[in-house]
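Enquirer: Can you look at this prediction? I've put the sequence above it.
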Amino acid sequence: MPTASIVSFISRACGYLGMHTTVLLIVLWLFLGSSLCLLLGWMAWRRRNEIGAPLFIVLMFACGVWSFGYGMELFANTIASKRIWYDFSYLGIALIAPTWLGFMLQISGYAQRLPRFLIPLLFVESILLIILNYTNDWHGLLWSRFWIWNWYGQPFLMVDRAVGFLIHTAYAYILLIIGFVFYGIYLLRSPKISVAQLGILLLGVLLPFTANILNVLEMPLLGPINLTPVALTTLGVGAGWFVFRFRVSDLLFVVGPIVFQQMEDGVLVLDLERIVRNLNPAALELLARTEVELVNRPVSTVLPWAKDF
């Protein structure tokens with residue numbers, strides 16, 4: 001039986017690696033999730049001129065780093081090696097909350113109403129967190145102690161949190177919650193999303209958030225295993241990709257393709273950020289330029305007189 005062969009293989013692998021079956025499966029899942037983040041980041045890079053693409057790429061990088069780092073931490077056996085991967089994971093963890101909020105501000109169209117420096121300002125805390133994490137042995141502001149908990153014979157890195165971690169957590173949760181609000185606005189303004197899809201997309205962001213809250217409160221669902229990166233690189237990443245791939249501008253403007261192409265008047269299709277997303281042949285003829293030169297450009301560069309329109 002194929003199933004029996006798979007079970008036998010996993011059991012032999014666990015015995016060879018000295019890992020509990022559950023832990024090995026989670027490690028493999030984390031590595032798979034990290035690969036998925038890499039793939040989606042590459043796909044977003046191919047559309048990097050679109051609204052929200054740069055921040056989505058950073059978000060995929062952050063999720064992938066956390067997933068891979070935590071998988072390696074579970075795989076490591078000594079406290080020293082686990083510390084290396086624990087610190088590595090924070091290169092991604094530190095970026096997730098501000099990137100999520102910035103991404104949702106751009107996708108929902110509200111970023112243009114805010115000062116340009118606001119989104120970069122969100123990342124100041126991320127840089128500070130990374131620095132504090134790598135220098136924690138000198139000051140102890142984030143973690144007061146690291147120790148090992150043996151769970152079913154498998155060593156897990158445990159930490160005693162300090163005041164700096166609590167401040168970071170409060171800041172990150174504020175950013176995440178604000179991002180959830182804009183995420184909800186996005187979904188409610190997307191007429192093609194069914195009730196079932198709406199429920200799945202909401203779960204995609206709520207489950208990782210819930211898993212993280214339980215971990216912070218030291219109420220894990222599976223022993224000492226933190227399920228946040230597992231949920232984040234599956235449901236969370238899927239929900240994020242949906243938002244990027246089928247953003248508001250794709251859903252709100254619906255024109256019959258044949259009618260649009262045959263219109264005698266030149267028409268430009270703009271998104272909420274006033275970026276040209278589509279135009280018909282009549283517009284190309286009037287502007288005497290190619291589609292490559294005009295699509296994904298601010299309307300102010302295509303039609304300078306429309307800057308204040």
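Expert: Now that the structure is in, tell me what you want to look at. Just so you know, these numbers come straight off a predicted model, no measurement behind them.

Enquirer: residues contacting Phe180?
Expert: Val205, Leu206, Phe209 (C-beta atoms under 8 Å, 6 or more residues apart in numbering). The C-beta positions use only the backbone N, C-alpha and C, and glycine is treated the same way.

Enquirer: if you set the cut-off to 10 Å instead, what comes out?
Expert: By C-beta atoms under 10 Å, 6 or more residues apart in numbering, Phe180 lies in contact with Trp100, Leu101, Met104, Leu202, Val205, Leu206, Phe209.

Enquirer: name the element the second one belongs to?
Expert: Just to be clear, that refers to Leu101. Assigned by DSSP states H and E, Leu101 belongs to helix 79-107.

Enquirer: Go through that helix and flag the buried ones.
Expert: By neighbour count on 16 or more other C-beta atoms under 10 Å, the buried set for helix 79-107 is 82-83, 85-86, 88-107.

Enquirer: can you list contacts of the following helix or strand past it?
Expert: Moving toward the C-terminus from helix 79-107, the next helix or strand (DSSP H and E) is helix 118-122. Contact with helix 118-122 is made by 55, 95, 97-103, 105-106, 111, 115, 171, 175, as judged by C-beta under 10 Å, 6+ apart.

Enquirer: And the average pLDDT for helix 118-122 is what?
Expert: Computed over helix 118-122, the mean pLDDT rounds to 94.

Enquirer: list the buried ones in that helix?
Expert: Using 16+ other C-beta under 10 Å as the test for burial, helix 118-122 gives Ile119, Leu122.

Enquirer: and that helix, how far out from the chain's middle?
Expert: Put simply, helix 118-122 sits 17 Å off its chain's centre (C-alpha atoms, centre = their mean, to the nearest Å).

Enquirer: how about the CA coordinates for that helix, as CSV?
Expert: Presented in CSV, the C-alpha positions along helix 118-122 are these (Å, rounded to 0.1, in the frame of the first residue of the first chain):
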residue,chain,number,x,y,z
LEU,A,118,4.6,57.3,6.8
ILE,A,119,5.1,53.8,5.4
PRO,A,120,8.9,54.0,5.6
LEU,A,121,8.6,55.3,9.1
LEU,A,122,6.8,52.1,10.1
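
Enquirer: which of the contacts of Phe180 has the weakest pLDDT?
Expert: Lowest pLDDT within the contacts of Phe180 is found at Leu202 (76).

Enquirer: dump the residue contacts of that residue.
Expert: Leu202 makes contact with Phe180, Tyr183, Gly184, Leu187, Ala239, according to C-beta under 10 Å, 6+ apart.

Enquirer: which SSE is it in?
Expert: Counting by DSSP H and E, Leu202 is part of helix 195-216.

Enquirer: Kindly report the same for Met158.
Expert: strand 154-161.

Enquirer: buried sites along that strand?
Expert: Across strand 154-161, burial judged by 16+ other C-beta under 10 Å covers Gln154, Pro155, Phe156, Leu157.

Enquirer: Run the angle between that strand and helix 195-216 for me.
Expert: 80 degrees (axes from the mean of the first three to the mean of the last three C-alpha atoms, to 10 degrees).

Enquirer: following strand 154-161, which helix or strand shows up next?
Expert: Downstream of strand 154-161, the next assigned helix or strand under DSSP H and E is helix 163-188.

Enquirer: how about that following helix: buried residues?
Expert: Within helix 163-188, the residues that qualify as buried are 164-165, 168, 171-172, 175-176, 179-180, 182-187, counting by 16+ other C-beta under 10 Å.

Enquirer: Measure how far that helix is from the centre of its chain, please.
Expert: Put simply, helix 163-188 sits 13 Å off its chain's centre (C-alpha atoms, centre = their mean).

Enquirer: for stretch 223-235, same thing?
Expert: Going by C-alpha atoms, centre = their mean, where stretch 223-235 is centred and where its chain is centred differ by 14 Å.

Enquirer: Please apply the same query to stretch 137-144.
Expert: Stretch 137-144 sits 28 Å away from the centroid of its parent chain (C-alpha atoms, centre = their mean).
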